[in-house]
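*Asks:* got a predicted structure here, sequence first:
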Amino acid sequence: MSFNVLFVSAEVAPFAKVGGLADVAGSLPKALRRLGVDVRVVMPLYGFIDQPRYSIQPAFHFDFARQSGTHGVDVFHTVYDGVPVYFLRSLPFFGNENAVYSDWDWDSPRFIFLCQMTMAFADALREREGWSPDVVHVNDWHTALIPFLIEQRRDEPAWATTGHMLSIHNLAYQGDNVTHFLMQEHIPPRQHPDLLSRGLENNLLAIAIAYSDIVSTVSPRYAIEIQYPYMGYGLDDLVRTRVNDLYGILNGIDVETMNPETDPLLVANYNADNFAERRILNKRQLQADSGLEVRDDVPVIGIVSRLVWQKGIDLALPALRRLLLDTDVQLVALGSGDPDLQHQMWRLGQDFHWRASVFIGYNATVAQRIYAGSDLFLMPSRYEPCGVGQMLAMRYGSLPVVRETGGLADTVQNYDNGPADRGTGFTFEWEEPQAVLGTLRWALETYWERPEAWRRMQHRAMTTDLSWDKSARQYVDLYRQIIEKRKGQPL
């Protein structure tokens, strides 16, 4: 028996992307549809979205009422990679902005509105197309009020058996302290005892954790980490109350699009069989594009990252400065973020301009060429719910150097130079610059002294199954579990 899933996200690649949430929302539904799930995606129609490029067309209009008045909503639609995607526009909340997020005072009421608007959209879609969700899958705090809103409508036949699921992509962002905005719209009190006893009834992500049928995170390790104070960000106690309904499902990547054998942004395509001969051409191009000396023998360290505390950039900078000072190595970094860390990274590039090149901002071509041309990919995150960069690096044959946390621990197997010849990268545990430096030196020693072991690691990394296939099946199993619980019958 097939079933219907409404997948709701503030970000969906390629239409609007800030972080990994968009990558999941853009690729998981495609994998789910291949498994027979009628999944449809809904997101805001931000003002910056290129409608002609993605063939986004007007679909219909509806009005819905809430405490502050009646709002008109324009629904737009496209089918992208076989997935139906609906876009909702309702000024002034959504439709004329030039970025996904603004500031707390505006984003909080906007995304509360998105939750209410999505409920009304589901009603309108049911009336116009006869399509109704068996499960509503919400993602992070922006859509987290929806499970509670569904519970408030259980006496209506259309919502009586609808299930809901929350995926946590980053617990640090919660949509908290929204009391005023909830009261303004006369949102009913959140009387769940697990919220009331902890004073969390006005925290949007906490509301979804308490009310959702199932809670998932984007890696098995992260599902464990958020049960403890260091990565629980004040919600660890609440998360532990849901341990029987908490699942960690590792994100995948779109291996069809992210494929070094077909990637049009590379100067030379290659695969796991011919990378030893072909990949070097991309390294040379990366060095040339970055203004560095074109040398096959010098190892290149790549970084593609938001330059923020979470990503461990403050741990990496002292280590990289020391390494560039005393080691024959090159660095190519791409990213932006915290102004101070961004300046320090730029300064590093200036101080070692003959060995390092730093690109501030984001450029898809530069990013792909770093994955395809670097020898090592540095990702020393303090915490990483899943992470995409390390998986893209492995897919393209750049061996990751990562901190052992979250999805990094779940995807990168440490090289140990033992007789079993295992490993797809290099890992460390301590949040210290010295740990980053020591691990980079270990990786470089391997590069220089054990080239055959290095190539075997590259081959293992490139042939690791990083697709959505296994993970999508896990999501299908959870959807089925929710539907059976709500409808009281096996599927």
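*Replies:* Perfect, I can see it now.
*Asks:* what helices or strands is the worst-scoring helix or strand of the chain on mean pLDDT leaning on?
*Replies:* Within the chain, no helix or strand scores below helix 179-184, which has a mean of 88 by mean pLDDT, DSSP states H and E. Helices and strands touching helix 179-184, as assessed by 3 or more Cβ pairs under 8 Å, 6 or more residues apart in numbering; DSSP states H and E, comprise helix 104-129. No exception for glycine: its C-beta is placed from N, CA and C like everyone else's.
*Asks:* Ala472: how many residues sit nearby?
*Replies:* Other residues near Ala472 number 23, with proximity taken as other Cβ atoms under 10 Å.
*Asks:* and it, what is it in contact with?
*Replies:* Leu28, Ala31, Leu32, Arg34, Leu35, Gly252 (Cβ atoms under 8 Å, 6 or more residues apart in numbering).
*Asks:* what residue, apart from its backbone neighbours, is nearest it spatially?
*Replies:* Leaving aside its chain neighbours, Ala472 sits nearest to Ala31 (3.8 Å; criterion: Cβ to Cβ, 6 or more residues apart in numbering).
*Asks:* on the three-state scheme, the one you found is what?
*Replies:* Of the three states, Ala31 takes helix under DSSP: H, G, I helix; E, B strand; the rest coil.
*Asks:* same question for Asp74.
*Replies:* Asp74 is classified as strand under three-state DSSP.
*Asks:* so how far is Pro133 from it?
*Replies:* From Asp74 across to Pro133, the span is 21 Å (Cβ to Cβ, to the nearest Å).
*Asks:* and the two? Which one has more around it.
*Replies:* Per other Cβ under 10 Å, whichever of Asp74 and Pro133 has more neighbours is Pro133, with 24 against 17.
*Asks:* skipping adjacent residues, who's closest to the more buried one in space?
*Replies:* According to Cβ to Cβ, 6+ apart, the nearest residue to Pro133 is Leu6 (3.9 Å).
*Asks:* relative to Asp155, how far out is the one you found?
*Replies:* Distance, Leu6 to Asp155, by Cβ to Cβ: 20 Å.
*Asks:* just want to know which of these two has more residues nearby.
*Replies:* Set Leu6 next to Asp155 and count neighbours by other Cβ under 10 Å: Leu6 wins out with 25 against 7.
*Asks:* can you tell me the SS state at the more buried one?
*Replies:* Recorded secondary structure, Leu6: strand (three-state DSSP).
*Asks:* residues touching the nearest residue to Asn259 once chain neighbours are set aside, list them.
*Replies:* Distances taken as Cβ to Cβ, 6+ apart place Arg395 nearest to Asn259, at 7.6 Å, with adjacent residues excluded. By Cβ under 8 Å, 6+ apart, Arg395 lies in contact with Ile253, Val255, Met258, Asn259, Pro260, Tyr371, Ala461, Met462, Leu466.
*Asks:* and Gln434, by the same measure?
*Replies:* Contacts of Gln434 (Cβ under 8 Å, 6+ apart): Ala319.
*Asks:* distance of it from Thr427?
*Replies:* From Gln434 to Thr427 the distance is 15 Å (Cβ to Cβ).
*Asks:* and Thr70, what does it touch?
*Replies:* Thr70 neighbours (Cβ under 8 Å, 6+ apart): Asp63, Phe64.
*Asks:* quick check: which element contains it?
*Replies:* Per DSSP states H and E: Thr70 is located in strand 69-80.
*Asks:* can I get whichever helix or strand comes after that strand in PDB? Just the C-alpha atoms.
*Replies:* The first helix or strand that comes after strand 69-80 along the chain, using DSSP H and E, is strand 83-89. Extracted as PDB, the C-alpha positions of strand 83-89 are listed here (Å, rounded to 0.1, in the frame of the first residue of the first chain):
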ATOM      1  CA  VAL A  83       9.200  15.600  -7.100                       C
ATOM      2  CA  PRO A  84       6.100  17.900  -6.900                       C
ATOM      3  CA  VAL A  85       7.100  21.100  -5.100                       C
ATOM      4  CA  TYR A  86       4.600  23.700  -3.900                       C
ATOM      5  CA  PHE A  87       5.600  27.300  -3.100                       C
ATOM      6  CA  LEU A  88       3.500  29.500  -0.900                       C
ATOM      7  CA  ARG A  89       3.500  33.300  -1.200                       C
END
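*Asks:* returning to that earlier point: unless I'm mixing things up, the residue nearest to Pro133 is touching Val138, no?
*Replies:* No. Here Leu6 lies out of contact with Val138, judged by Cβ atoms under 8 Å, at a distance of 9.1 Å.
*Asks:* can you tell me what sits against stretch 343-351?
*Replies:* So stretch 343-351 is contacted by 307, 313, 317, 320-321, 324, 331, 333, 335, 356-358, 360 (Cβ under 8 Å, 6+ apart).
*Asks:* out of the residues you listed, which comes closest to Gln227?
*Replies:* Taking Cβ to Cβ as the measure, Gln227 lies nearest Ile313 of those, at 26.6 Å.
*Asks:* do I have it right that that closest one meets Leu320?
*Replies:* No. With contact defined as Cβ under 8 Å, Ile313 does not count as touching Leu320 (9.7 Å).
*Asks:* neighbouring strands - and their directions - for the strand holding Thr70?
*Replies:* strand 57-66 (antiparallel), strand 83-89 (antiparallel) (DSSP bridges).
*Asks:* now that strand: buried residues?
*Replies:* Within strand 69-80, the residues that count as buried by 16 or more other Cβ atoms under 10 Å are His71, Val73, Asp74, Val75, Phe76, Thr78, Tyr80.
*Asks:* go ahead and confirm the fourth one touches Tyr86.
*Replies:* Read that as Val75. Yes. Judged on Cβ under 8 Å, Val75 makes contact with Tyr86 at a distance of 5.9 Å.
*Asks:* now the common contact residues for those two.
*Replies:* Ala59, Phe121.
*Asks:* picking that back up, and the buried residues of strand 69-80, which is closest to Trp159?
*Replies:* Val73 (18.8 Å).
*Asks:* do you know how far Gly175 is from Arg284?
*Replies:* Gly175 is 47 Å from Arg284, where distance means Cβ to Cβ.
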